[in-house]
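In: coordinates only, sequence not included:
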């Protein structure tokens, strides 16, 4: 699955409303604290994290995305109504129904990417030199990482002394929503690479970060994995969550059809009415539960919020070009963290017949030393383990792993 990225179900939360000038007066942050730098942001807003323990700046960042590896997705392949969407999903799994490999298409554009940079509330005058670069999964937006009080990976990472950057991937949240046919993994990989380069140069937030940790979830782990294949020295360490080696045609089918991808504007005319054909969303909260949650390890209110704030999935992520492979030249620390009951990668049991997270290293990272690899299964949690009661156990493992490698 990590090559095809046919992961439609999604959930998202709205970014803060972007103001024309930065302000902390109404954000719940004491005015005596120094605000994060707004360098590189357009329409910046200063605000606390949703978890309440970090100071953040959110805004739009112009990012150049250039690739020659997108697939040419013909316009007539975009389903114009729900009947056609459902048929497309079924046809994707019919044996012998695979289409010929499309022609490659070049994309070279500047996109507006909604970005949030957070740091410790007591360290804004001297920001940490290490930043965690967080990439969310399909159909999500960046607030998967800072969903609500008690469900904030951001606050735990910042509490460990790091800065954190998360963003809405292209076509998600408050980022630009281009023609959904071009929103493909190869383009998203290059956008992520450019953003990391901007971070290291000090062009986002004014700090030239000396260490960058790549952290991904699901589709976002696929992007992080792809960066490790094509740019093996980009990250000083990598954390892959919701990722594995045991995805099958059955789990992929169950995951995708469980979501029941629906024309996004039909799911919510208020939120998605302006989006063109080719953007999809999950039809129901039950579909989101099937794909991302493990009962009884979650609060039903979090599931309801997840569905109400879900994002969209563009057709390009289904029919477009793939990335990934074996990261032969990557040698830095690597950890894989999954919910014990992850469905798409473990069919609901990541400990059977052995730790499925641990299998990532020998298959995809043959030159990462044993002492530089770690794996952890978050108990009583599904594919979206950040949204479960036990999320903190995964968060703590990750920070301890990084600390043990002097990061």
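Out: Cool, got the structure. For clarity, every value in this text was computed on a predicted model and none was experimentally measured.
In: now for residue 360, how many residues are close by?
Out: Residues near residue 360, counting by other C-beta atoms under 10 Å, number 26. Placement of C-beta: from N, CA and C, glycine included.
In: ignore what I typed, I meant residue 352.
Out: If you count neighbours by other C-beta under 10 Å, residue 352 ends up with 11.
In: phi, psi of it?
Out: Here is the backbone geometry of residue 352 (degrees, to the nearest 10): phi -110, psi 130.
In: distance of it from residue 296?
Out: Between residue 352 and residue 296 the distance, using C-beta to C-beta, to the nearest Å, works out to 20 Å.
In: what does residue 373 give?
Out: Distance, residue 373 to residue 296, by C-beta to C-beta: 32 Å.
In: out of the two, which sits in the busier spot?
Out: Remark: of residue 373 and residue 296, residue 373 carries more neighbours, 17 against 10, as counted by other C-beta under 10 Å.
In: can you tell me the closest non-neighbouring residue to residue 58?
Out: When the adjacent residues along the chain are set aside, residue 58 lies closest to residue 116, with 4.4 Å between them (C-beta to C-beta, 6 or more residues apart in numbering).
In: pairing partners for that neighbour in the sheet, please.
Out: Counting by DSSP bridges, residue 116 is bridged to residue 58, residue 166.
In: from what I can see it touches residue 57, true?
Out: Yes. The pair formed by residue 116 and residue 57 meets the contact definition of C-beta atoms under 8 Å, at 7.1 Å.
In: in the sheet, who's paired with residue 45?
Out: Under DSSP bridges, the residues paired with residue 45 across the bridge are residue 58.
In: how close does it sit to residue 183?
Out: The spacing between residue 45 and residue 183, counted by C-beta to C-beta, is 25 Å.
In: do residue 323 as well
Out: Noted for residue 323: a distance of 13 Å to residue 183, by C-beta to C-beta.
In: again with residue 403
Out: Per C-beta to C-beta, residue 403 is found 36 Å from residue 183.
In: more neighbours, these two?
Out: A count of neighbours by other C-beta under 10 Å puts residue 183 above the other of residue 403 and residue 183, at 29 against 11.
In: ok, now which ones touch the more buried one?
Out: 170, 171, 314, 316, 317, 320 (C-beta atoms under 8 Å, 6 or more residues apart in numbering).
In: most neighbours among the residues you listed, which one?
Out: The most neighbours of any of the contacts of residue 183, using other C-beta under 10 Å, belong to residue 314, which has 31 neighbours.
In: phi and psi next, for that one.
Out: On the backbone of residue 314 - angles per degrees, to the nearest 10 - the values are phi -80, psi 150.
In: now do residue 312
Out: Residue torsions, per degrees, to the nearest 10, at residue 312 are phi -130, psi 160.
In: what pLDDT does it get?
Out: The predicted structure scores residue 312 at 93 on the pLDDT scale.
In: now do the buried residues in stretch 108-122.
Out: Judged by neighbour count (16 or more other C-beta atoms under 10 Å), stretch 108-122 contains these buried residues: 111, 112, 113, 114, 115, 116, 117, 118, 119, 120, 121.
In: name all residues that make contact with the nearest residue to residue 276 once chain neighbours are set aside.
Out: Beyond its immediate neighbours in the sequence, the residue positioned closest to residue 276 (C-beta to C-beta, 6+ apart) is residue 180, lying 6.7 Å away. With contacts taken as C-beta under 8 Å, 6+ apart, residue 180 has the following neighbours: 78, 171, 276, 277, 278, 279, 314, 315, 316.
In: just the helices in the chain please.
Out: Along the chain, counting by DSSP state H, helices occupy 82-91, 153-159, 185-200, 219-230, 249-259, 264-267, 269-272, 285-292, 300-308, 316-319, 343-346, 360-364, 391-404.
In: the longest one: how far from the chain's middle?
Out: So the one you mean is helix 185-200. Here the centre of helix 185-200 is set off from its chain's centre by 13 Å, with C-alpha atoms, centre = their mean, to the nearest Å.
In: what do you get for the fifth one?
Out: Mean-position distance between helix 249-259 and its chain equals 19 Å (C-alpha atoms, centre = their mean).
In: name the helices or strands packed onto that helix?
Out: For helix 249-259, the elements it packs on are helix 285-292, helix 343-346, judged by 3 or more C-beta pairs under 8 Å, 6 or more residues apart in numbering; DSSP states H and E.
In: mind running it again at 10 Å?
Out: With contacts defined as 3 or more C-beta pairs under 10 Å, 6 or more residues apart in numbering; DSSP states H and E, the packing partners of helix 249-259 are helix 82-91, strand 279-282, helix 285-292, helix 343-346.
In: same question, the third one
Out: If contacts are counted by 3+ C-beta pairs under 10 Å, 6+ apart, helix 185-200 sits against strand 54-71, strand 104-120, strand 130-135, strand 163-167, strand 211-217, helix 219-230, helix 316-319.
In: let's have those in TSV, adding distance to residue 249 and mean pLDDT.
Out: What follows is the helices and strands packed on helix 185-200, written out as TSV (distance: least, C-beta to C-beta, whole Å; pLDDT from 0 to 100):
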stretch	distance to residue 249	mean pLDDT
strand 54-71	20	97
strand 104-120	25	97
strand 130-135	25	98
strand 163-167	31	98
strand 211-217	22	99
helix 219-230	17	98
helix 316-319	15	92
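In: separation between the residue nearest to residue 276 and residue 113?
Out: When C-beta to C-beta is the yardstick, residue 180 and residue 113 sit 16 Å from each other.
In: returning to that earlier point: out of the helices of the chain, which gets the lowest mean score?
Out: Mean pLDDT across these is lowest at helix 249-259; the value there is a mean of 82.
In: list the contacts for the most centrally placed residue in the chain?
Out: The centroid of the chain falls nearest to residue 136 when counting by C-alpha atoms, centre = their mean (1.0 Å). Applying C-beta atoms under 10 Å, 6 or more residues apart in numbering, one finds that residue 136 lies in contact with 10-12, 142-145, 166-169, 172-173, 215-221, 223, 311, 386.
In: just the buried residues from those residues, in PyMOL please.
Out: One line in PyMOL is enough to select the buried ones among the contacts of residue 136; burial here means 16+ other C-beta under 10 Å:
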select buried, resi 10+11+12+142+143+144+145+166+167+168+169+172+173+215+216+217+218+219+220+221+223+311+386
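In: done for today, thanks.
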